[in-house]
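> for reference, the sequence and a predicted model appear below.
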Amino acid sequence: MKIVVQVKLLPDAAQAAALERTLHTVNNCASRVSAASFEAYGLKGSVRDLRSLAYGELKALGLGAQAAQHVIKRVVDAYSTLRANIRVGNLGGEGSKRRRKATSKPIAFRPDAAHTYDDRCLSWNYDARTVSIWTMDGRLKTVCFACSPAALKRLVAYRKGESDLVRRDGKWFLAATCDVPEAEQYEPRDWIGVDRGIANLATTSDGGNHSGRRLERYRRWQARKKAEIQAKGTRSAKQLLKKRARRESRHATHINHTISKTVVAVAQRTERGIALEQLQGIRERVTVRRDQRARQSSWPFHQLGAFIAYKARRAGVPVIEVDPAYTSQRCPRCGHTAKANRPSRDAFCCRRCGLAGPADVVAGVNVRDRARSAWVFVNMPPPVPA
């Protein structure tokens, strides 16, 4: 299982200047290769085509052999991604404005876009917590880095493959790929149903609740600040808006990591599996109030499910997805399903048998019950031929 471990680089002034010059140079070279590829091959240039087209020029500009190869591969990967987005319709139909804009000019690379290093361009000294990295000013052999003890342990044991040099908000990072083995999946004794929502980000069938009230106050405060900044309309205001958007995204990612870690830890300790709702197409299926539309569209529910899934694989915890239809309107005791069973957002009261409780907990219980039935069918032995 591939996991990315991010460490923070601590370069001095001279090292930071060399890293900045290197990043700007390789991205400028990538934009030049992209323009040449677009002119010669359109959106279909291969690594072999671009190597014969641009390798000599990249070497003449001062790039090392491996750096030139990585620049070429980045350009090819960028056009492959563009073709894939066109193929699946992410840029609209054939005559859409977004698609015409994307295909009418070559792909450009930002000056601070991440650049890829392999083991020939980058080596690690874990004991000294330093890296030796190639730059346009030569090899920097003693660039310090900082990370948590757990991240360092994972790097030492599992780091394998390429790493990306990233500059974000004036800080330098290395994102290293680690190939972590998955734990053997056990047979679950039971299931924990997880209901994801807006007011309560995650509620389990055990009654565990991860409220989004505090987060909602933070996001409303961020929205007010962004509105004030956006009203200025200056270039610096736009840059500040992007910075705040990245900060809010990191905050949401941190919360999703915290929730997923807690859910997986409980499931592993009790030897149970985790049941999630299938949220594909949820925006088309579910109608929410006007004041909740922005919150439903902006919170990364899919990211929370992905975090739970990969942490569960690492711990050997089974994960299953079930049909989410009417989980908050169905009574788990008698099976009666009706919209009237949920008189308010927070409350559930069955009109037939009188079962009452928090609506999100009832939804989690229904998800758990559906997982029990689904797991039986998944593990059912094949029929014996007559």
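Here it is on my side, so go on. Numbers count the residues shown, from 1 in each chain.
> now do residue 362, the pLDDT please.
Per-residue confidence (pLDDT) for residue 362: 94.
> give me every residue that touches it.
Taking Cβ atoms under 8 Å, 6 or more residues apart in numbering, we find residue 362 in contact with 328, 331-332, 348, 355. C-beta: built from backbone N, CA, C; applies to glycine.
> out of those, which are inside strands?
residue 348 (DSSP state E).
> can I get the contacts of residue 362 in TSV with pLDDT, distance to residue 271 and neighbour count?
Putting those into TSV (pLDDT from 0 to 100; distance: Cβ to Cβ, whole Å; neighbours: other Cβ atoms under 10 Å) gives the following:
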residue	pLDDT	distance to residue 271	neighbour count
328	87	28	19
331	94	28	22
332	92	22	21
348	93	29	23
355	91	28	16
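> could you dump the contacts of residue 362 to CSV with distance to residue 220?
Below are the contacts of residue 362 laid out as CSV (distance: Cβ to Cβ, whole Å):
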residue, distance to residue 220
328, 25
331, 35
332, 34
348, 27
355, 35
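> out of the contacts of residue 362, who's nearest residue 105?
residue 328 (47.5 Å; Cβ to Cβ).
> list the contacts for residue 156?
Taking Cβ under 8 Å, 6+ apart as the test, what residue 156 contacts is residue 126.
> look up how far residue 325 lies from the nearest residue to residue 41 once chain neighbours are set aside.
Of all residues not flanking residue 41 in the chain, residue 49 sits nearest, at 5.8 Å (Cβ to Cβ, 6 or more residues apart in numbering). Using Cβ to Cβ, to the nearest Å, one obtains 49 Å as the distance from residue 49 to residue 325.
> which non-adjacent residue is nearest residue 9?
residue 172 (3.9 Å).
> just to check, residue 47 is in contact with residue 76?
Yes - with contact defined as Cβ atoms under 8 Å, residue 47 counts as touching residue 76 (5.1 Å).
> more neighbours: which of the two?
Legend: neighbour count by other Cβ atoms under 10 Å for residue 47 and residue 76, higher for residue 76 (21 against 13).
> got the contact list for the one helix or strand that one maps to?
Using DSSP states H and E, residue 76 sits in helix 65-88. Applying Cβ under 8 Å, 6+ apart, the contact partners of helix 65-88 are 26, 29-30, 33-34, 37, 43-47, 50-51, 54-55, 58-59, 63, 91, 99, 102-103, 107, 109, 115-118, 120-121, 134.
> I'd like the mean pLDDT over it, please.
Rounded mean pLDDT across helix 65-88 is 93.
> the residue nearest to residue 126 when sequence neighbours are not counted: what secondary structure?
Leaving aside its sequence neighbours, residue 126 sits nearest to residue 156 (Cβ to Cβ, 6+ apart; 5.1 Å). Counting by DSSP: H, G, I helix; E, B strand; the rest coil, the backbone at residue 156 sits in helix.
> now do residue 20
Relying on three-state DSSP, one would call residue 20 helix.
> so it makes contact with residue 167?
Yes - judged on Cβ under 8 Å, residue 20 makes contact with residue 167 at a distance of 7.3 Å.
> appreciated, that's everything.
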